[in-house]
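In: here are the coordinates; sequence isn't available:
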């Protein structure tokens, strides 16, 4: 009980350590989702609209990768970025950039797979009309992505939830360095094992609150824009 | 993208369209030239929609050739089609028309003005900012008509555009179609309404079970049908 009280005190007094961690976590996860969006939306749309040998295999792999174990992604990125790895020269291991890359890799399959499904369903409806208007492949992708924008918000949220909540990848590639690569989830894990339960709980509360807040905001935007666009 | 050569006359040379075991269009040969609207008549399942899809080039014939002008490979640049259930993009009414204009290579600077003109032409100017999917069935039909006219088509294909409209809405749509016809657009329109033939048609293509039963000037078709099926259709008997 006293831990809960202390947790709220940390939040209420604007504890600097706590808020630095929150800020870093948000920045990393939002950057990862932004990158995953830039890659995942077109990838999903292209898969929805094209037919080529091996397409089914790619879709199956993509759907499967929605449940990719974060520690495995972390390990892979670790091997790529470590001193002796192929990208070791860049010196990115144990930096926020490495964490963004790793989280983006986790999120791309989620966004791409959900986009593929959404766009393919809409394409069935739009195909004849767009073909009759002579819309080229690029225009089709842009039109379908734009017209499924409300459903795609859900895909982005799913991706953000995944990125913000996972601990395995950022722990491995970030190293949980105090004041540099410590995120909410890695801090919770660390503080819990140290027995510093107030900070762990405070972070837990903030994490849940932020995820709810972002979902609520996205939902609000969706409702509002759907009202306007039909 | 827009070819300069004319898409007319539209020629069907022994055209068949089959899917699986079903024959949708059966060895159809005819020529549709410029002039007054051509109405495609026939009972349900006679192949009217398939015929229009072939005219648009949305499907390729299983056998035979469709030619636009003298070409068998014309893109859809000079044609537009109004489907029986048109798809409304998830945007405002005005944005739907603007989309059609953009696809028809209308310069960006002219789109706003042209959108307004087209919406006005179909009586939807007051609803310009309304989401297209919130419009009523009749309004959607008119919006789709505006979007099709945005392409300034040489051939406008219409699939029973007034099938679910009340008389006032039907009259409104027919007036828009006639105005387009007078300004030089060739209208090819599926219908099963004989009154519409009287009001609009220059000639009639009468299809039964995918086959061309009769192709005649509308007066001849109405007054002196040459085949027993057409005679029965004109009398108002059920043609099966």
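Out: Noted; the coordinates are in hand. Just so we're clear, the structure is a prediction, and the values are computed from it rather than from any experiment.
In: list the buried residues for whichever helix in chain B runs longest?
Out: The single longest helix within chain B, with elements called by DSSP state H, is helix B:167-182. Neighbour-count burial for helix B:167-182, counted by 16 or more other CB atoms under 10 Å in any protein chain shown, picks out B:169-170, B:172-174, B:176-177, B:180-181. Yep, even glycine has a C-beta here, placed from its N, CA and C like the rest.
In: and the nearest residue to residue A:26 once chain neighbours are set aside, what is it in contact with?
Out: Nearest non-adjacent residue to residue A:26, counting by CB to CB, 6 or more residues apart in numbering or on different chains: residue A:210, 6.8 Å away. Applying CB atoms under 8 Å, 6 or more residues apart in numbering or on different chains to residue A:210 gives the contacts A:22, A:26, A:164.
In: just the buried residues of those.
Out: A:22, A:26, A:164.
In: about what we covered before: hmm, who's touching the helix or strand just after the longest helix of chain B?
Out: Next in sequence after helix B:167-182, counting helices and strands by DSSP states H and E, comes strand B:186-190. Identification of contacts with strand B:186-190 by CB under 8 Å, 6+ apart yields B:8, B:10, B:32, B:34-35, B:37-41, B:48-49, B:51-52, B:55, B:154-161, B:177, B:180-181, B:196, B:200.
In: adjacent strands (with direction) for strand B:186-190?
Out: strand B:38-41 (parallel), strand B:155-159 (parallel) (DSSP bridges).
In: relative to helix B:167-182, how tilted is that strand?
Out: Angle of strand B:186-190 versus helix B:167-182, following axes from the mean of the first three to the mean of the last three CA atoms, to 10 degrees, is 140 degrees.
In: can you list the residue ranges for helices in chain B?
Out: Applying DSSP H to chain B gives helices spanning B:48-56, B:93-103, B:108-121, B:137-149, B:167-182, B:194-200, B:218-223, B:228-235.
In: just how off-centre is stretch B:166-175 within its chain?
Out: Taking CA atoms, centre = their mean, to the nearest Å, one finds the center of stretch B:166-175 at 16 Å from the center of the full chain.
In: residues contacting it, please?
Out: Stretch B:166-175 is contacted from outside by B:123, B:138, B:141-142, B:145, B:161-162, B:165, B:196, B:199-200, using CB under 8 Å, 6+ apart.
In: filter these to the buried ones?
Out: Using 16+ other CB under 10 Å, the buried ones in the contacts of stretch B:166-175 are B:123, B:138, B:141-142, B:145, B:161-162, B:165, B:196, B:199-200.
In: chain A contacts on chain B?
Out: Where chain B comes near chain A, counting by CB under 8 Å from any CB of the partner chain, the residues are B:1, B:56, B:58, B:75-77, B:79-81, B:83, B:86-92, B:99-100, B:103-104, B:130-134, B:151.
In: of all the buried ones among the contacts of residue A:210, which comes closest to residue A:49?
Out: residue A:164 (30.8 Å; CB to CB).
In: need phi/psi at that closest one.
Out: phi -70, psi -30 (degrees, to the nearest 10).
In: OK, contacts around it?
Out: Contacts of residue A:164 by CB under 8 Å, 6+ apart are A:25-26, A:29, A:184-185, A:207, A:210-211.
In: for residue B:229, give me the pLDDT.
Out: Looking at residue B:229, its pLDDT stands at 92.
In: same question, residue A:3
Out: 68.
In: next up, the contacts around the residue of chain B found nearest chain A.
Out: The minimum distance from chain B to chain A, using CB to the nearest CB, falls at residue B:131 (2.4 Å). Residues in contact with residue B:131 (CB under 8 Å, 6+ apart) are A:228-230, B:90-93.
In: and the residues you listed, which are buried?
Out: Buried, going by 16+ other CB under 10 Å: A:229-230, B:90-93, out of the contacts of residue B:131.
In: neighbours of residue 112, how many?
Out: Using chain A. 30 (other CB atoms under 10 Å in any protein chain shown).
In: ah, no, chain B please
Out: When neighbours are counted by other CB under 10 Å, residue B:112 comes out with 12.
In: not counting its neighbours along the chain, what's nearest it?
Out: Nearest to residue B:112 is residue B:98, by CB to CB, 6+ apart, at 7.7 Å.
In: show the contacting residues for the one you found.
Out: Residue B:98 sits in contact with B:111-112, B:115, where contact means CB under 8 Å, 6+ apart.
In: mind checking pLDDT for it?
Out: In this model, residue B:98 is scored at 97, pLDDT.
In: for residue B:2, same thing?
Out: pLDDT, residue B:2: 46.
In: what do you get for the one 3 residues further on?
Out: Residue B:5 is assigned 78 on the pLDDT scale.
In: what sits against it?
Out: B:69-71.
In: all the strands of chain A, in order from the start?
Out: For chain A, no strands are identified by DSSP state E.
In: residue farthest from the centroid of it?
Out: Within chain A, residue A:132 marks the point farthest from the mean C-alpha position, 37.1 Å out by CA atoms, centre = their mean.
In: residues near the closest residue in space to residue B:90 that isn't next to it in sequence, how many?
Out: Distances taken as CB to CB, 6+ apart place residue A:147 nearest to residue B:90, at 4.4 Å, with adjacent residues excluded. Counted with other CB under 10 Å, the neighbours of residue A:147 add up to 21.
In: which residues in chain A form helices?
Out: Going by DSSP H, chain A shows helices at A:2-12, A:16-49, A:55-65, A:70-81, A:96-132, A:137-147, A:149-165, A:168-174, A:184-194, A:197-229.
In: get me the contact residues on chain A for chain B.
Out: A:125-126, A:128-129, A:131-135, A:139, A:143, A:146-147, A:149-150, A:228-230.
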